[in-house]
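> pasting the sequence and the predicted model now:
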Amino acid sequence: VPGVPGAKQSLPQLRDFLLVYNRLTELCFRHCVSNLNYRLLTGQEEQCLEGCAGKLVHANHRLVRAYVATMPSVLQRRAQQLQEPPPGASPHPPAAPGPGQ
Amino acid sequence: MDPLRAQQLAAELEVDMMADMYNRMTQACHRKCVPPHYKDAELSKGESICLDRCVAKYLEVHERMGKKLTELSLQDEELLKRMQQSTGTA
């Protein structure tokens, strides 16, 4: 894919990048392009697209930052829960048989 | 991974993504150009021309978004690195 820095990275990341790209195109097209009397983009549409692209990319950055800040503690909690015994099970070994048995 | 295999997978991925783009485009243009009045099966002239222009515009938008994304994705790479480091998936 020419001009895509992601092409040097691993395939899953490239796939994510390309999906973001397609979603970006769809979203900004739907929001900004309303004048289908012309084949070419109008000045207003171009301006809207410029803003839309920038805004979505920056929103994506922000989301990644927030995810990065929150996810480690979520994973840690999950790991802790997996190590704890399941609810209802006795944490102590079963009692030895009493006298008379 | 064998570099030739990686190249092949990347090419397949690009084809998949083009198909994905095509599907989104047809959906968007149908929504914009073909109102849900299905009395007549034939497309009106207005609807036909609208679809032609819509495709042209969608592809133009796709190209511009690609340029913008490439321009801004240098920042993305930095963020991805940080993401990998903090979740330990590097």
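Structure received. Numbering: from 1, shown residues only, chains lettered A, B, ... in the order given.
> I'd like the distance between A:Met37 and A:Ala66.
I think there's a mix-up here, since residue A:37 is Asn and not Met. When distance is defined by Cβ to Cβ, to the nearest Å, A:Asn37 is 41 Å away from A:Ala66. Every residue, glycine included, has its C-beta placed from N, CA and C.
> distance of the spatially most central residue of chain B from chain A?
Using Cα atoms, centre = their mean, the residue of chain B that lies closest to the mean C-alpha position is B:Met21, 3.4 Å off. According to Cβ to the nearest Cβ, to the nearest Å, B:Met21 and chain A sit 5 Å apart.
> contacts only, for that residue.
Remark: with contacts taken as Cβ atoms under 8 Å, 6 or more residues apart in numbering or on different chains, B:Met21 is in contact with A:Asn22, A:Thr25, B:His62.
> pretty sure the second one is in contact with B:Tyr58, am I right?
Yes - applying Cβ atoms under 8 Å, one finds A:Thr25 in contact with B:Tyr58, separated by 7.5 Å.
> poorly predicted segments of chain B, please.
For chain B, the stretches flagged by pLDDT under 70 are B:76, B:88-90.
> the helix or strand containing A:Leu18 packs against which elements?
Assigning secondary structure by DSSP states H and E places A:Leu18 in helix A:11-32. Applying 3 or more Cβ pairs under 8 Å, 6 or more residues apart in numbering or on different chains; DSSP states H and E, one finds that helix A:11-32 contacts helix A:43-83, helix B:3-33, helix B:45-87.
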